[in-house]
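> next one to model:
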Amino acid sequence: MLAGLQRILSFQELKENWNDNGAKPFSQKLLQDASKLLLSLSSCPEPEIFPTATQGIQFEWETKTAYLEIVLYETEITVFAIKNGKDVFDLSLQNTHDYSGFDLWIFSLWKSINDEHL
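A predicted model of the protein is given here:
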């Protein structure tokens, strides 16, 4: 998870218009929340982590047959999953900033869509 934490930390270097299309920098609160969320996912494989132009931080897991994405915003969390090319899960929920329980929920979701060994 150290690489993921370092990646999240690197997003504080992104300044106004970091994508040359008007993207805004990330708040310290969002970066702290992203770090908390990552650390809470201890049962899951380490995700790829990306900044989004919509001021979210995206956590992504992908294999040949499965795709799982969490996008963390200051007030919202979106979760999207695909299995064998078909959407199987699409949810938006309020970000309460409490990520306890997320680990087992995301791990179970990933396990249910991923046919490959974890």
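> drop to CA atoms for contacts and neighbour counts, all remaining ones
Fine.
> who are the contact partners of residue 95?
Listed by C-alpha atoms under 8 Å, 6 or more residues apart in numbering, the contact partners of residue 95 are 72, 73, 74, 75, 76, 77.
> can you rerun that using 7 Å?
74, 75, 76, 77 (C-alpha atoms under 7 Å, 6 or more residues apart in numbering).
> what's the nearest residue to it if we skip its chain neighbours?
Nearest residue to residue 95, sequence neighbours excluded (C-alpha to C-alpha, 6 or more residues apart in numbering): residue 76, at 4.5 Å.
> pretty sure the one you found sits against residue 94.
Yes. Using C-alpha atoms under 7 Å, residue 76 is in contact with residue 94, at 4.5 Å.
> before we move on, the earlier item: retrieve the pLDDT associated with the residue nearest to residue 95.
Residue 76 carries a pLDDT score of 97 in this model.
> ok, the contacts of residue 95 vs residue 1, which is closest?
Distance ranking of the contacts of residue 95 against residue 1, using C-alpha to C-alpha, places residue 77 first at 20.3 Å.
> if anything else comes up later, I'll come back, but that's it for now.
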